[in-house]
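**Q** fold the following, please.
(3 chains)
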Amino acid sequence: MPELPEVETVVRDLRPLLAGRGITGVRQSKHKLRRPWKPQWNAAVNGARVEAVRRRGKWILIDLAGAEPNPPPPPSLKGRGEKRSGNSSSPFPSGKRAGGLGSSPLLRVHLGMTGQFTVVPASAAPPDHLHVVFALDNAHELRYRDPRRFGSVEYFANRADAEAELSAELGPEPFGIDATYFRAAVRGTARNLKAILLDQTIVAGVGNIYADEACFRAKLHPGRTGKSLSAADCDRLREAIESVLTRAIESRGSTIRDYVGGSGLGGGFQNEHAVYGRTDQPCPACAAAIECARYAGRASHYCPRCQDSGVRIRDSGKKKKQQRASS
DNA sequence: TCGGCCCTGGGG
DNA sequence: CCCCAGGGCCGA
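**A** Residues are numbered from 1 along each chain as shown, chains lettered A, B, ... in the order given. Now for the predicted structure:
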């Protein structure tokens, strides 16, 4: 369900609701998530305080100040030089935390397809499929709900461990990607563009909706091979990724089914989709009927006129479901 | 590199 | 009833 814009929206919603809050308890359901919350983590989280809420790719990271009373960092003598949090180009601090011992804990959350991560009053009626609940010190709760259970909530005693793991598995954030890197990554493979864009090790955060929308904006067919692209094509695609994700964040992401932000409010970018979910509807640029085929195992939407140039891997799937013969 | 699979719910 | 769904991992 959630791609980068939706995850970013959750993070931005949660940040003011969680900053500085203490966690006073943890509950969990008996149903296991893909990576289950372990009961022994309860004691570690109980009494911790939220320091920051961040995003890396489609992952939500919540920095905690541990329940064990660590010596507080000495007050900085740099005065007003404090960094603004939340807008740095890297989600990770560039250096070691001053005065830190490198053992600060962290919660790492993935929303899978149907995950919802919200702060609500503790008195709010619990919905179905509630899996992990963190009680807060202000009579609210941070609730993780996920009907399909493809997501996860995990605890790391040392946030550097979690960050190292993500750094090894994820490519760069899709804002300000190095053009040379992107050209080489795209042109160096015979895979199709859809598969390339969904590959989190090349660029982190793009999913099925924004892969289709980025291809449309770049006027590139999702079935095109990476190696068939010119350098200019790659540059257009890179800029399309950045622009569509930026616009989607401004609209709080796309609410297709059950996505909600961290405060329970949905998104509006679905109203600006040019191709995703618009099979047989007119292309906003040329009015040709939008088509749908299967690439990288995922439904892929495109305009056959605007995006039909260049060499393409043969359609791996039927454009349309074969019409059923009715008796 | 790809299909299958993990799950539940909703829609045709 | 069947098929589909915003993701990612695993094994052929």
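
**Q** state whether A:His301 is indeed within a strand.
**A** Yes - assessed by DSSP: H, G, I helix; E, B strand; the rest coil, A:His301 belongs to a strand.

**Q** please, which helix or strand holds the closest residue to A:Glu173 other than its chain neighbours?
**A** Excluding its sequence neighbours, the residue lying closest to A:Glu173 (Cβ to Cβ, 6 or more residues apart in numbering) is A:Ala204, at 5.9 Å. Yep, even glycine has a C-beta here, placed from its N, CA and C like the rest. Here A:Ala204, judged by DSSP states H and E, is contained in no helix and no strand.

**Q** so for whichever residue of the stretch 201-327 of chain A sits closest to DNA strand B, what's the pLDDT?
**A** Closest to DNA strand B within the stretch 201-327 of chain A is A:Gly297: 4.6 Å, counting by Cβ to the nearest atom of the strand. Looking at A:Gly297, its pLDDT reads 96.

**Q** so what's it up against?
**A** Applying Cβ atoms under 8 Å, 6 or more residues apart in numbering to A:Gly297 gives no contacts.

**Q** burial check on A:Thr246, number of neighbours?
**A** 12 (other Cβ atoms under 10 Å).

**Q** how much space between the nearest residue to A:Ser300 once chain neighbours are set aside and A:Ala285?
**A** Take A:Ser300 and drop its neighbours on the chain: the residue closest to it by Cβ to Cβ, 6+ apart is A:Pro222, 4.5 Å away. Separation of A:Pro222 from A:Ala285 (Cβ to Cβ, to the nearest Å): 16 Å.

**Q** of those two, who's got more company?
**A** Looking at A:Pro222 and A:Ala285 with other Cβ under 10 Å, you find the greater number of neighbours at A:Pro222, namely 26 against 14.

**Q** that one and A:Cys303 touch, don't they?
**A** No - when contacts are counted by Cβ atoms under 8 Å, A:Pro222 is not listed as touching A:Cys303 (10.7 Å).

**Q** what's near enough to touch the residue nearest to A:Ser300?
**A** A:192-194, A:211-212, A:215, A:295, A:300, A:302, A:307.

**Q** can you check A:Asp280 too?
**A** Residues near A:Asp280 by Cβ under 8 Å, 6+ apart: A:289-290.

**Q** state the three-state secondary structure for it.
**A** From three-state DSSP, the assignment for A:Asp280 is coil.

**Q** for A:Arg15, which non-adjacent residue is closest in space?
**A** A:Val53 (4.6 Å).

**Q** what's near enough to touch that neighbour?
**A** Contacts of A:Val53 (Cβ under 8 Å, 6+ apart): A:11, A:14-15, A:18-19, A:60-63.

**Q** among these, which lie within helices?
**A** Of those, the ones assigned to helices by DSSP state H are A:11, A:14-15, A:18.

**Q** now, the most widely separated pair of those?
**A** A:Val11 and A:Leu18 (9.9 Å; Cβ to Cβ).

**Q** so the two - more neighbours on which side?
**A** A:Val11 (25 against 22).

**Q** quick check: phi and psi at A:Ala168.
**A** For A:Ala168, the backbone dihedrals (degrees, to the nearest 10) come out as phi -80, psi -30.

**Q** got the residues of chain A near DNA strand B?
**A** Taking Cβ under 7 Å from any atom of the strand as the contact definition, chain A meets DNA strand B at A:31, A:34, A:128-129, A:147-150, A:189-191, A:195, A:296-297, A:316.

**Q** which of these sits closest to A:Gly176?
**A** Relative to A:Gly176, and with distances defined as Cβ to Cβ, the nearest of these is A:Thr189, at 22.3 Å.

**Q** the closest one touches A:Arg224, doesn't it?
**A** No - here A:Thr189 does not reach A:Arg224: they are 11.6 Å apart, not a contact under Cβ under 8 Å.
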